[in-house]
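> Mind folding the following:
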Amino acid sequence: MHGTIENTAKLDALRERASSLPLEQYDPGDPELFRTDTFWPYFDRLRREDPVHYCKDSMFGPYWSVTRYNDIMEIETNHQVFSSASALGGITIRDIDPDLRRESFISMDPPRHAAQRKTVAPMFTPTHLDNLAINIRKRSAECLDNLPRGEVFDWVDQVSIELTTQMLAVLFDFPWEDRRKLTRWSDIATTIPGPDGLVATEDERQAELTECAHYFARLWKERIAQPPRSDLLSMMAHGAATRDMDARNFLGNLVLLIVGGNDTTRNTMSGSLLALSQHPDQYRKLRENPALLDSFVPEVIRWQTPLAHMRRTALSDFEFRGKQIKKGDKVLMWYVSGNRDEEAIEKPYDFIIDRARPRTHLSFGFGIHRCVGLRLAELQLKIIWEEILKRFNHIDVVGEPKRVYSSFVKGLETLPVKIAA
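Numbering: from 1, shown residues only. This is a model prediction of the structure:
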């Protein structure tokens, strides 16, 4: 079943539209397709008929779409031709005004990328994760024990956001009472301004990001004055490759770590419950055998694909799969499509929690830019579900989720659920 669409007639109509629209009119990066969860048939057709597709006109300007699993891996590892550099546009479909672009290690090319990434990598070593696991379990238990029974509540707000924001506050050693600021800044960093958006204008968005920078600059001064500690801010303040970052690089890396720690984990936490509610046989299988969590977790991460794409910019003219990509062209690697590629993944539209090779997915990227915190994301998801299975026989999803208006962040804004009294 595609997404949450259970109505066969509706699905047929979507497929009909996707199959009748001429390929040259395809704009798979339209955020409305993601808000309505109607993008699937478009990517299915692109993988079949035009796996390296050019959209010449969109709200984000012209761009290429790479939609097959193996092609994405090829683009991802070719840094000589395909750049992540923020000065060229960075990693998302949306172009930011050149004056407002901020470097982070994910929007850098080798060799500079490695030195900055290495600074924060110790946070995610096995020893450190073992220590974090104790904290994650304690907070997960408290959160679940305080959930209402017998009444409808929003899983995204009360569980997914709360737990990921607590985790971020721990990672940054951020003032606990202000932790929801981290959620807000994460949302602001990736939002598309507009009349129905979180902010109406780009100026408002930048003002909130400036507030984020000022808040963290204050904490940074405190950390520099103290001996090195094991939080992300202290690691960067004392790291040789990061202690002298300019203001833009500083905010760029902060936003990267906030969004990386927040959006991806939170959307997978929400997506995991939605996926199980849509596949009751798998939910039953998990309840009967909690040991399946080890394969359930990567399967959920594939299934949800919390970031739909990553973008690169061509550094030179390049022929790829018979298409002529020009220097300066924007190239999108659609992880959400690669994760449904029948040639790479068996039965990709089936949610199978005991898959033989569940880690065959692109949700964390591939190559040098692979998500630095992927083990932590998996750990958080595993622990929350261990604690859920101990407490609740079933959590019912009682309405349609509201989805994020974005073709970059693939997430849920709300998910109404109920736990039996």
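> okay, CA-based contacts and neighbour counts for the rest of this
Will do.
> Isn't P401 up against L415?
Yes - P401 is in contact with L415 according to C-alpha atoms under 8 Å; the separation is 4.6 Å.
> Relative to I75, how far out is A85?
15 Å (C-alpha to C-alpha, to the nearest Å).
> Repeat that for L251.
27 Å.
> repeat for R403
29 Å.
> Have a look at those two and say which one is more surrounded.
The neighbour count for R403 versus I75, taken as other C-alpha atoms under 10 Å, is higher for I75 (21 against 18).
> Give the residue spans of this protein that score low on pLDDT.
1-7, 98-108, 112-113, 115-116 (pLDDT under 70).
> in it, which helix has the most residues?
As assigned by DSSP state H, the longest helix anywhere in the chain is helix 247-278.
> which element follows it toward the C-terminus?
helix 280-288 (DSSP states H and E).
> in that following helix, what counts as buried?
Neighbour-count burial for helix 280-288, with 16 or more other C-alpha atoms under 10 Å as criterion, is recorded at 282-283, 286-287.
> And for stretch 313-327?
313-315, 325.
> try stretch 175-189
Buried, per 16+ other C-alpha under 10 Å, within stretch 175-189: 179-180, 182-183, 185-189.
> count of neighbours near E211?
With other C-alpha under 10 Å as criterion, E211 counts 12.
> what's whatever helix or strand it lives in packed up against?
Following DSSP H and E, one finds E211 within helix 202-225. If you count contacts as 3 or more C-alpha pairs under 8 Å, 6 or more residues apart in numbering; DSSP states H and E, helix 202-225 packs onto helix 180-190, helix 232-238, helix 247-278.
> What angle do helix 202-225 and the last one make with each other?
Between the direction of helix 247-278 and that of helix 202-225, the angle (axes from the mean of the first three to the mean of the last three C-alpha atoms, to 10 degrees) works out to 110 degrees.
> What helices and strands are in contact with helix 247-278?
By 3+ C-alpha pairs under 8 Å, 6+ apart, helix 247-278 packs against helix 162-172, helix 180-190, helix 202-225, helix 280-288, helix 293-304, helix 374-391, strand 395-397, strand 412-414.
> Could I get the buried residue list for that helix?
Those would be 249-278, for helix 247-278 by 16+ other C-alpha under 10 Å.
> just so I know, which of the helices and strands packed on helix 247-278 lies nearest D145?
helix 374-391 (8.4 Å; C-alpha to C-alpha).
> gap between the closest one and the chain center?
17 Å (C-alpha atoms, centre = their mean, to the nearest Å).
> From the contact counts, what lies against that helix?
Partner elements for helix 374-391 (3+ C-alpha pairs under 8 Å, 6+ apart): helix 126-145, helix 247-278, helix 293-304.
> ok, how many other residues are close to Q80?
12.
> let me fix that: E162
19.
> how near is it to K410?
19 Å.
> before we move on, back to that, can you redo the helices and strands packed on helix 247-278 as TSV, where the extra columns are distance to H53?
What follows is these, written out as TSV (distance: least, C-alpha to C-alpha, whole Å):
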stretch	distance to H53
helix 162-172	36
helix 180-190	25
helix 202-225	29
helix 280-288	35
helix 293-304	23
helix 374-391	30
strand 395-397	37
strand 412-414	28
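> Indicate which one of the helices and strands packed on helix 202-225 is closest to N339.
Once the helices and strands packed on helix 202-225 are compared by C-alpha to C-alpha, helix 247-278 is nearest, at 14.4 Å.
> Any idea how far the closest one is from the middle of the chain?
5 Å.
> The longest helix of the chain versus helix 180-190: what angle between them?
Using the same axes, to 10 degrees, helix 247-278 lies at 100 degrees relative to helix 180-190.
> The chain should start at 23 in everything you say after this.
Sure thing, new numbering starts at 23, so read that last one as helix 269-300.
> any idea of the angle helix 269-300 forms with helix 315-326?
110 degrees.
> Quick check: S429 is in a helix.
No - assessed by DSSP: H, G, I helix; E, B strand; the rest coil, S429 does not belong to a helix; its assignment is coil.
> Surely it is in contact with M332?
No - with contacts counted by C-alpha under 8 Å, S429 stays clear of M332, the gap being 10.2 Å.
> Of these two, give the one with the bigger neighbour count.
Between S429 and M332, counted using other C-alpha under 10 Å, the more crowded position is S429 (25 against 19).
> Nearest spatial neighbour of that one, chain-adjacent residues omitted?
Spatial nearest neighbour of S429, excluding adjacent residues (C-alpha to C-alpha, 6 or more residues apart in numbering): P53 at 4.7 Å.
> Does that neighbour touch S428 like I think?
Yes - checked against C-alpha under 8 Å, the pair P53 and S428 is within contact range at 4.5 Å.
> Okay, and the beta partners of the closest residue to G350 other than its chain neighbours?
Setting aside the residues directly before and after it, G350 is nearest to A336 in space (C-alpha to C-alpha, 6+ apart), at 5.1 Å. Under DSSP bridges, the beta-bridge partners of A336 are F104.
> which ones are touching A336?
103-105, 347-353 (C-alpha atoms under 8 Å, 6 or more residues apart in numbering).
> cutoff 7 Å now
By C-alpha atoms under 7 Å, 6 or more residues apart in numbering, the contact set of A336 is 103-105, 348-352.
> same check, this time on N284
186-187, 205, 208.
> Just give me the closest of the residues you listed to I323.
T186 (15.3 Å).
> I figured that closest one was touching T290, is that so?
No - in this structure, T186 is not within contact of T290 by C-alpha atoms under 7 Å, at 10.7 Å.
> State whether T60 is indeed within a strand.
No - T60: not assigned to a strand; according to three-state DSSP it is coil.
> So what does it look like in phi/psi?
In terms of degrees, to the nearest 10, the main-chain angles of T60 are phi -120, psi 20.
> cool, S87 as well?
phi -120, psi 120.
> what do you get for I441?
phi -110, psi 130.
> For G421, see how far away it is.
Taking C-alpha to C-alpha, one finds I441 at 13 Å from G421.
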